[in-house]
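> Sequence below, structure please.
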Amino acid sequence: MNSFVQKYYTALSKGGIVVIFLAVMLVIPHYKDIWDSPLTIPLMILFWLGVAYVVLPVFFKKYRVAILFVYSLVIAYNFFFFNVAPNHTENHRLYLTNLMFIPIPVFTALWVYEQWRWLKTLHADKGKAELALLKSQVNPHFFFNTLNNLYGLVVEKSEKAPEVVLKLSDMMRYTIYQGNEDLVAVKDEISYLENYIELHKIRYQKKVEILFTHDVEEGLKVAPLLFIVLLENAFKHGIEKMREDAFIHVEMESRGKHLFFTIENSFDKSVSNLNNGIGLDNLQKRMEYLYPQRHELIVEEKESIYKVRLNLELL
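Numbering: from 1, shown residues only. Presented below is the predicted three-dimensional model:
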């Protein structure tokens, strides 16, 4: 029903423009000079307002009050002019014409601004949608690896399996709830990373040196689930395949609004490929959206040591 009414209303509007156009053609020829008719300007204004409504319906409806108010004043002045000055001069005609055309550049500039703002909003919405997709990729990627670890403990009937389940439950809760927030406290991210480290310490049978030092000011906030990608890579592609001399050193500190995260780990070149997986590429894309021109991701590989530094400028 609404669709029918809308189509009928549109057709009626277009028909009204045709009627006004015909009126102009029928009325004006009765005057030697078209400017001698008091109906010329009102009919021309109504005709072009009708054209604007059909061509730019959204813009016209949004600013209809301002548009109709301005041109109502022009039409009112037109009739006033013909009543008080029937023997009008050429200057009066020019002035009346200017009144009709002067608002057009103003409304044109307003329309251009609306288009610019619409394109900017569209770009922002596109960025948010892509960012949401990237965040959704983080969770399955992380939990896939963690569940594999838990499966190994269950197969071995390890007494540590229940503790791993509890820590995994806490981490899942954080990922599901805090992970959907735009910003979280840095201290919460630190706790999340510490739980992840403890989870891996439980399952490791070999000797691994894992150090995590942090010195961060209270109140700082950051986008969630950024650092876990780097820590996960250090385990999976670094010490996971090493038999001895395995280590991971993690450091996080803040200086004012700047946050510095550094992770360094050993790896075996013969069996490791630290560039595998979607994690690092995903992180780089997220940085471009979340911290444009306010982030620095530095990757260094030297002999059997892999080091990543992530520097952020927080708001």
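
> For the helix or strand harbouring residue 283, enumerate the helices and strands it packs against.
Assigned by DSSP states H and E, residue 283 belongs to helix 279-290. Secondary-structure packing of helix 279-290 (3 or more C-beta pairs under 8 Å, 6 or more residues apart in numbering; DSSP states H and E): helix 103-155, helix 227-236, strand 295-302. Every residue, glycine included, has its C-beta placed from N, CA and C.

> Following the chain onward from the lowest-mean-pLDDT helix or strand in the chain, which element is next?
Lowest mean confidence among the helices and strands of the chain (mean pLDDT, DSSP states H and E): helix 2-27, at a mean of 52. Next in sequence after helix 2-27, counting helices and strands by DSSP H and E, comes helix 40-55.

> Flag every buried residue along that following helix.
40, 41, 42, 43, 44, 45, 46, 47, 49, 50, 52, 53 (16 or more other C-beta atoms under 10 Å).

> Would you mind putting those into a markdown table with pLDDT and distance to residue 150 alongside?
Converted to a markdown table, those look like this (pLDDT from 0 to 100; distance: C-beta to C-beta, whole Å):
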| residue | pLDDT | distance to residue 150 |
| --- | --- | --- |
| 40 | 67 | 84 |
| 41 | 68 | 81 |
| 42 | 74 | 79 |
| 43 | 72 | 80 |
| 44 | 72 | 78 |
| 45 | 73 | 75 |
| 46 | 75 | 74 |
| 47 | 72 | 74 |
| 49 | 75 | 69 |
| 50 | 74 | 70 |
| 52 | 75 | 65 |
| 53 | 77 | 64 |
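
> which pair in the residues you listed spans the largest distance?
Within the buried residues of helix 40-55, 40 and 53 form the most distant pair, 20.6 Å apart (C-beta to C-beta).

> so what's residue 220 closest to, chain neighbours aside?
residue 186 (4.4 Å; C-beta to C-beta, 6 or more residues apart in numbering).

> any idea how far residue 72 is from that neighbour?
The spacing between residue 186 and residue 72, counted by C-beta to C-beta, to the nearest Å, is 58 Å.

> of the two, who's got more company?
residue 186 (23 against 12; other C-beta atoms under 10 Å).

> contacting residues for that one?
Taking C-beta atoms under 8 Å, 6 or more residues apart in numbering as the criterion, residue 186 is in contact with 216, 220, 221, 222, 252, 254, 259.

> Which pLDDT does the model give the residue lying closest to the fourth one once chain neighbours are set aside?
In space, residue 222 comes closest to residue 186 once its chain neighbours are excluded; the distance is 5.3 Å by C-beta to C-beta, 6+ apart. At residue 186 the predicted local confidence, pLDDT, stands at 96.

> by contact count, what packs against the helix or strand hosting residue 177?
Using DSSP H and E, residue 177 maps to helix 161-177. Helix 161-177 makes packing contacts with helix 103-155, helix 186-203 when contacts are defined by 3+ C-beta pairs under 8 Å, 6+ apart.

> buried ones in it?
Quick answer for helix 161-177 (16+ other C-beta under 10 Å): 161, 164, 167, 168, 171, 174, 175.

> and it, what's its mean pLDDT?
82.

> pull the CA atoms of that helix into CSV?
Below are the C-alpha coordinates for helix 161-177, written out as CSV (Å, rounded to 0.1, in the frame of the first residue of the first chain):
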residue,chain,number,x,y,z
ALA,A,161,43.6,-30.1,32.1
PRO,A,162,40.9,-28.8,34.6
GLU,A,163,43.0,-25.7,35.3
VAL,A,164,43.4,-25.1,31.6
VAL,A,165,39.7,-25.3,31.2
LEU,A,166,39.1,-22.7,33.9
LYS,A,167,41.7,-20.3,32.4
LEU,A,168,40.3,-20.9,28.9
SER,A,169,36.8,-20.1,30.2
ASP,A,170,38.1,-16.8,31.7
MET,A,171,39.8,-15.9,28.5
MET,A,172,36.7,-16.7,26.4
ARG,A,173,34.6,-14.5,28.6
TYR,A,174,37.0,-11.6,28.1
THR,A,175,37.2,-12.2,24.4
ILE,A,176,33.4,-12.3,24.0
TYR,A,177,32.5,-9.3,26.1
